[in-house]
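A.B. asks: 3D model of this:
(one chain, ligands or ions: 2)
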Amino acid sequence: MLVIGIAGGTGSGKTTVAKSIITKLGSTNVTLISQDNYYLHHSGLTFEERERINYDHPRAFENTLLLQHLNMLKSGQPVDIPVYDFSTHARSQETIRIEVKPIVLLEGIHVLTDEDLRGALNIKVFVDTDPDVRILRRLTRDINERGRSLQSVFDQYLTTVKPMHDAFIEPSKKYADIIIPEGGENQIGISLLTILTERYMTDRAANYEIG
Ligand SMILES: Nc1ncnc2c1ncn2[C@@H]1O[C@H](COP(=O)(O)OP(=O)(O)O)[C@@H](O)[C@H]1O
Ligand SMILES: O=c1ccn([C@@H]2O[C@H](COP(=O)(O)O)[C@@H](O)[C@H]2O)c(=O)[nH]1
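C.D. replies: Ligands and ions are numbered 1, 2, ... in the order given. Sure, this is the predicted structure:
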(Lines give C-alpha, C1' and ligand atoms only; values in the text may rest on other atoms or scores of the structure.)
(Ligands and ions follow the chains in the order given, each with its own letter.)
Protein backbone atom coordinates (compact mmCIF):
# COMPACT_ATOMS: atom_id res chain seq x y z
CA MET A 1 0.00 0.00 0.00
CA LEU A 2 1.25 3.47 -0.89
CA VAL A 3 0.49 6.15 1.70
CA ILE A 4 0.75 9.78 0.56
CA GLY A 5 0.69 12.35 3.38
CA ILE A 6 -0.63 15.78 2.40
CA ALA A 7 0.14 18.47 5.01
CA GLY A 8 -0.26 22.25 4.97
CA GLY A 9 -1.94 25.03 6.91
CA THR A 10 -5.66 25.35 7.39
CA GLY A 11 -7.34 26.37 4.13
CA SER A 12 -4.20 25.67 2.10
CA GLY A 13 -6.08 23.30 -0.22
CA LYS A 14 -5.05 19.88 1.15
CA THR A 15 -8.52 18.38 0.66
CA THR A 16 -8.89 19.99 -2.76
CA VAL A 17 -5.55 18.54 -3.92
CA ALA A 18 -6.47 15.09 -2.57
CA LYS A 19 -9.89 15.16 -4.25
CA SER A 20 -8.34 16.29 -7.57
CA ILE A 21 -6.03 13.26 -7.47
CA ILE A 22 -9.00 10.97 -6.80
CA THR A 23 -10.93 12.57 -9.68
CA LYS A 24 -8.01 11.89 -12.03
CA LEU A 25 -7.36 8.33 -10.83
CA GLY A 26 -10.88 7.20 -9.92
CA SER A 27 -11.94 6.06 -6.47
CA THR A 28 -11.49 2.32 -7.09
CA ASN A 29 -7.83 2.34 -6.14
CA VAL A 30 -7.55 5.43 -3.95
CA THR A 31 -8.99 6.25 -0.55
CA LEU A 32 -8.90 9.53 1.39
CA ILE A 33 -8.44 9.75 5.14
CA SER A 34 -8.45 13.08 6.97
CA GLN A 35 -6.44 13.50 10.16
CA ASP A 36 -9.35 15.70 11.31
CA ASN A 37 -11.35 12.50 11.90
CA TYR A 38 -8.88 11.70 14.67
CA TYR A 39 -9.37 14.83 16.79
CA LEU A 40 -9.38 13.69 20.44
CA HIS A 41 -12.81 13.15 21.94
CA HIS A 42 -13.42 15.31 25.05
CA SER A 43 -16.54 13.62 26.37
CA GLY A 44 -16.21 15.06 29.89
CA LEU A 45 -16.17 18.71 28.78
CA THR A 46 -19.06 21.08 28.12
CA PHE A 47 -19.51 22.74 24.71
CA GLU A 48 -18.12 26.02 26.11
CA GLU A 49 -15.05 24.19 27.45
CA ARG A 50 -14.56 22.37 24.14
CA GLU A 51 -14.78 25.70 22.29
CA ARG A 52 -11.70 26.90 24.18
CA ILE A 53 -9.45 23.93 23.26
CA ASN A 54 -6.38 24.55 21.11
CA TYR A 55 -7.23 22.45 18.03
CA ASP A 56 -4.07 23.47 16.20
CA HIS A 57 -1.56 21.90 18.59
CA PRO A 58 -0.02 18.59 17.40
CA ARG A 59 -1.33 16.87 20.55
CA ALA A 60 -4.97 17.69 19.69
CA PHE A 61 -5.08 14.47 17.62
CA GLU A 62 -5.26 10.78 18.53
CA ASN A 63 -2.39 9.84 16.24
CA THR A 64 -1.94 6.45 17.94
CA LEU A 65 -5.37 5.38 16.66
CA LEU A 66 -4.62 6.84 13.23
CA LEU A 67 -1.34 4.85 13.06
CA GLN A 68 -3.10 1.71 14.24
CA HIS A 69 -5.66 2.12 11.46
CA LEU A 70 -2.96 2.69 8.82
CA ASN A 71 -1.18 -0.47 9.98
CA MET A 72 -4.42 -2.46 9.82
CA LEU A 73 -5.06 -1.25 6.26
CA LYS A 74 -1.47 -2.14 5.32
CA SER A 75 -2.06 -5.66 6.64
CA GLY A 76 -5.22 -5.98 4.55
CA GLN A 77 -7.91 -5.27 7.16
CA PRO A 78 -10.64 -2.65 6.62
CA VAL A 79 -11.10 -0.09 9.42
CA ASP A 80 -13.95 1.89 10.95
CA ILE A 81 -12.67 5.42 11.42
CA PRO A 82 -14.20 8.06 13.74
CA VAL A 83 -16.36 10.87 12.41
CA TYR A 84 -15.74 14.37 13.79
CA ASP A 85 -18.36 17.10 14.05
CA PHE A 86 -16.72 20.54 13.82
CA SER A 87 -19.87 22.42 14.82
CA THR A 88 -19.99 20.66 18.22
CA HIS A 89 -16.23 20.03 18.56
CA ALA A 90 -16.93 16.37 19.27
CA ARG A 91 -16.73 12.90 17.78
CA SER A 92 -20.08 11.68 16.57
CA GLN A 93 -21.46 8.22 17.42
CA GLU A 94 -20.97 7.07 13.83
CA THR A 95 -17.90 5.63 12.16
CA ILE A 96 -16.99 5.32 8.48
CA ARG A 97 -15.82 2.02 6.98
CA ILE A 98 -12.58 2.41 5.00
CA GLU A 99 -11.89 -0.51 2.69
CA VAL A 100 -8.40 -1.67 1.74
CA LYS A 101 -7.16 0.01 -1.45
CA PRO A 102 -3.63 0.24 -2.91
CA ILE A 103 -3.36 4.03 -2.39
CA VAL A 104 -4.20 6.02 0.76
CA LEU A 105 -4.16 9.81 0.73
CA LEU A 106 -3.80 11.09 4.31
CA GLU A 107 -4.45 14.82 4.60
CA GLY A 108 -4.14 16.98 7.71
CA ILE A 109 -2.44 19.99 9.24
CA HIS A 110 -0.09 17.84 11.35
CA VAL A 111 0.66 14.78 9.23
CA LEU A 112 4.29 15.88 8.88
CA THR A 113 4.90 17.13 12.45
CA ASP A 114 4.65 13.70 14.14
CA GLU A 115 7.76 11.54 13.68
CA ASP A 116 5.88 8.23 13.97
CA LEU A 117 3.29 9.37 11.45
CA ARG A 118 6.02 10.53 9.06
CA GLY A 119 7.47 7.02 9.28
CA ALA A 120 4.22 5.59 7.93
CA LEU A 121 4.23 7.83 4.84
CA ASN A 122 5.78 6.80 1.54
CA ILE A 123 5.47 10.22 -0.09
CA LYS A 124 5.31 13.44 1.94
CA VAL A 125 3.63 16.50 0.42
CA PHE A 126 3.22 20.04 1.77
CA VAL A 127 0.61 22.34 0.24
CA ASP A 128 2.02 25.85 0.55
CA THR A 129 -0.50 28.67 0.28
CA ASP A 130 -0.15 32.28 1.45
CA PRO A 131 -1.64 33.01 4.89
CA ASP A 132 -3.93 35.79 3.60
CA VAL A 133 -5.50 33.41 1.07
CA ARG A 134 -5.83 30.69 3.70
CA ILE A 135 -7.58 32.89 6.27
CA LEU A 136 -10.02 34.21 3.65
CA ARG A 137 -10.89 30.63 2.61
CA ARG A 138 -11.19 29.56 6.23
CA LEU A 139 -13.45 32.47 7.11
CA THR A 140 -15.85 31.57 4.30
CA ARG A 141 -15.76 27.84 5.03
CA ASP A 142 -16.09 28.09 8.83
CA ILE A 143 -19.05 30.47 8.61
CA ASN A 144 -20.82 28.51 5.83
CA GLU A 145 -20.00 24.95 6.86
CA ARG A 146 -18.81 24.81 10.46
CA GLY A 147 -21.34 27.05 12.23
CA ARG A 148 -18.88 29.79 13.24
CA SER A 149 -19.30 33.58 13.58
CA LEU A 150 -16.93 36.15 12.06
CA GLN A 151 -15.74 37.09 15.55
CA SER A 152 -15.07 33.48 16.60
CA VAL A 153 -12.99 32.77 13.46
CA PHE A 154 -11.08 36.01 14.06
CA ASP A 155 -10.40 35.21 17.76
CA GLN A 156 -9.42 31.57 17.13
CA TYR A 157 -7.09 32.54 14.29
CA LEU A 158 -5.13 34.99 16.44
CA THR A 159 -5.04 32.96 19.67
CA THR A 160 -4.25 29.45 18.37
CA VAL A 161 -4.42 28.92 14.60
CA LYS A 162 -1.68 31.35 13.57
CA PRO A 163 0.72 30.75 16.51
CA MET A 164 0.51 26.96 16.10
CA HIS A 165 0.93 27.26 12.33
CA ASP A 166 4.09 29.32 12.79
CA ALA A 167 5.48 27.06 15.56
CA PHE A 168 4.69 23.60 14.17
CA ILE A 169 3.07 23.43 10.73
CA GLU A 170 5.28 25.78 8.71
CA PRO A 171 8.49 24.17 10.13
CA SER A 172 7.18 20.71 9.17
CA LYS A 173 7.53 21.74 5.51
CA LYS A 174 11.20 20.70 5.70
CA TYR A 175 10.13 17.05 5.84
CA ALA A 176 8.22 17.24 2.54
CA ASP A 177 9.41 15.41 -0.58
CA ILE A 178 7.17 17.61 -2.73
CA ILE A 179 5.90 21.16 -2.06
CA ILE A 180 2.79 22.23 -3.98
CA PRO A 181 2.37 26.01 -4.02
CA GLU A 182 -1.25 27.26 -4.11
CA GLY A 183 -2.85 23.82 -3.74
CA GLY A 184 -5.80 23.13 -6.02
CA GLU A 185 -4.74 25.78 -8.55
CA ASN A 186 -1.46 23.97 -9.17
CA GLN A 187 -2.38 21.56 -11.95
CA ILE A 188 1.26 20.64 -12.65
CA GLY A 189 1.85 19.68 -8.99
CA ILE A 190 -1.34 17.63 -8.93
CA SER A 191 -0.43 15.92 -12.23
CA LEU A 192 3.02 15.09 -10.83
CA LEU A 193 1.49 13.37 -7.84
CA THR A 194 -1.01 11.58 -10.06
CA ILE A 195 1.78 10.27 -12.32
CA LEU A 196 3.75 9.02 -9.28
CA THR A 197 0.66 7.26 -7.99
CA GLU A 198 -0.11 5.69 -11.37
CA ARG A 199 3.44 4.47 -11.63
CA TYR A 200 3.13 2.82 -8.22
CA MET A 201 -0.01 1.05 -9.30
CA THR A 202 1.62 -0.36 -12.42
CA ASP A 203 4.76 -1.37 -10.55
CA ARG A 204 4.03 -2.37 -6.94
CA ALA A 205 7.65 -3.49 -6.50
CA ALA A 206 8.90 0.08 -6.95
CA ASN A 207 11.23 1.78 -4.51
CA TYR A 208 8.49 3.54 -2.54
CA GLU A 209 7.77 0.51 -0.35
CA ILE A 210 8.89 1.03 3.25
CA GLY A 211 10.87 -1.98 4.50
N1 LIG B 1 -7.92 27.14 -5.55
C2 LIG B 1 -9.01 27.47 -4.85
N3 LIG B 1 -9.76 28.51 -5.20
C4 LIG B 1 -10.84 28.85 -4.49
N5 LIG B 1 -11.27 28.21 -3.36
C6 LIG B 1 -10.55 27.17 -2.97
C7 LIG B 1 -9.39 26.73 -3.67
N8 LIG B 1 -8.86 25.68 -3.02
C9 LIG B 1 -9.67 25.46 -1.96
N10 LIG B 1 -10.68 26.35 -1.93
C11 LIG B 1 -11.75 26.42 -0.92
O12 LIG B 1 -11.14 26.79 0.31
C13 LIG B 1 -11.67 26.00 1.37
C14 LIG B 1 -10.54 25.22 2.02
O15 LIG B 1 -9.99 24.34 1.04
P16 LIG B 1 -9.58 22.87 1.46
O17 LIG B 1 -9.09 22.16 0.25
O18 LIG B 1 -10.69 22.23 2.23
O19 LIG B 1 -8.35 23.21 2.42
P20 LIG B 1 -7.71 22.41 3.63
O21 LIG B 1 -8.13 20.96 3.46
O22 LIG B 1 -6.24 22.62 3.47
O23 LIG B 1 -8.25 23.06 4.87
C24 LIG B 1 -12.76 25.12 0.77
O25 LIG B 1 -14.01 25.74 0.98
C26 LIG B 1 -12.40 25.06 -0.70
O27 LIG B 1 -13.53 24.89 -1.52
O1 LIG C 1 -13.29 21.19 16.92
C2 LIG C 1 -12.51 21.73 16.09
C3 LIG C 1 -11.50 21.01 15.45
C4 LIG C 1 -10.70 21.65 14.54
N5 LIG C 1 -10.88 22.96 14.25
C6 LIG C 1 -10.00 23.62 13.25
O7 LIG C 1 -9.89 22.84 12.10
C8 LIG C 1 -8.66 23.16 11.45
C9 LIG C 1 -8.12 21.95 10.70
O10 LIG C 1 -8.95 21.63 9.62
P11 LIG C 1 -8.58 22.08 8.11
O12 LIG C 1 -9.60 21.34 7.30
O13 LIG C 1 -7.19 21.63 7.84
O14 LIG C 1 -8.72 23.55 8.03
C15 LIG C 1 -7.69 23.57 12.53
O16 LIG C 1 -6.98 24.73 12.12
C17 LIG C 1 -8.59 23.84 13.76
O18 LIG C 1 -8.46 25.16 14.21
C19 LIG C 1 -11.87 23.67 14.89
O20 LIG C 1 -12.04 24.89 14.64
N21 LIG C 1 -12.67 23.04 15.80
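A.B. asks: show me the helices in the chain, by range?
C.D. replies: With DSSP state H as the criterion, the chain has helices at 14-25, 47-51, 63-74, 115-119, 131-145, 150-156, 162-164, 187-202.
A.B. asks: packing partners for the longest one?
C.D. replies: Helices and strands touching helix 187-202, as assessed by 3 or more C-beta pairs under 8 Å, 6 or more residues apart in numbering; DSSP states H and E, comprise strand 2-8, helix 14-25, strand 103-107, strand 123-128, strand 178-181. Just so you know, the C-beta spots here come from the backbone N, C-alpha and C atoms, and that holds for glycine as well.
A.B. asks: now the ones you listed as TSV including distance to residue 57?
C.D. replies: Converted to TSV, the helices and strands packed on helix 187-202 look like this (distance: least, C-beta to C-beta, whole Å):
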stretch	distance to residue 57
strand 2-8	15
helix 14-25	18
strand 103-107	18
strand 123-128	19
strand 178-181	23
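A.B. asks: point out the residues in the chain that sit beside ligand 2.
C.D. replies: For the chain, the residues in contact with ligand 2 (C-beta under 6 Å from any ligand atom) are 10, 11, 36, 39, 55, 56, 86, 89, 109, 161.
A.B. asks: try it again at 8 Å.
C.D. replies: Selection of the chain residues close to ligand 2 by C-beta under 8 Å from any ligand atom yields 8-12, 14-15, 34, 36, 39, 50, 53, 55-56, 60, 84, 86, 88-90, 107-109, 138, 141-142, 146, 148, 156, 160-161, 164-165.
A.B. asks: of the residues you listed, buried ones?
C.D. replies: Among the residues of the chain next to ligand 2, those classed as buried by 16 or more other C-beta atoms under 10 Å are 8-12, 14-15, 34, 36, 39, 50, 55-56, 60, 84, 89-90, 107-109, 138, 142, 148, 156, 160-161, 164-165.
A.B. asks: just to revisit the earlier point, and the helices of the chain, which one is worst for confidence?
C.D. replies: The minimum mean pLDDT among the helices of the chain belongs to helix 187-202 (a mean of 90).
A.B. asks: which parts of that one are buried?
C.D. replies: By neighbour count on 16+ other C-beta under 10 Å, the buried set for helix 187-202 is 189, 190, 193, 194, 196, 197, 200.
A.B. asks: what about the closest residue to the second one other than its chain neighbours, neighbour count?
C.D. replies: Going back to what we said before, that points to residue 190. Spatial nearest neighbour of residue 190, excluding adjacent residues (C-beta to C-beta, 6 or more residues apart in numbering): residue 20 at 4.9 Å. Look at residue 20: counted by other C-beta atoms under 10 Å, it has 20 neighbours.
A.B. asks: just residue 163 next, same as before
C.D. replies: 14.
A.B. asks: show me what contacts it?
C.D. replies: Counting by C-beta atoms under 8 Å, 6 or more residues apart in numbering, residue 163 touches residue 56.
A.B. asks: ok, it to residue 16 distance?
C.D. replies: To residue 16, residue 163 is 25 Å away according to C-beta to C-beta, to the nearest Å.
A.B. asks: circling back to that earlier point, JSON lines for the helices of the chain, including distance to ligand 1?
C.D. replies: JSON lines is the format used below for the helices of the chain (distance: least, C-beta to the nearest ligand atom, whole Å):
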{"stretch": "helix 14-25", "distance to ligand 1": "3"}
{"stretch": "helix 47-51", "distance to ligand 1": "20"}
{"stretch": "helix 63-74", "distance to ligand 1": "16"}
{"stretch": "helix 115-119", "distance to ligand 1": "17"}
{"stretch": "helix 131-145", "distance to ligand 1": "3"}
{"stretch": "helix 150-156", "distance to ligand 1": "13"}
{"stretch": "helix 162-164", "distance to ligand 1": "14"}
{"stretch": "helix 187-202", "distance to ligand 1": "11"}
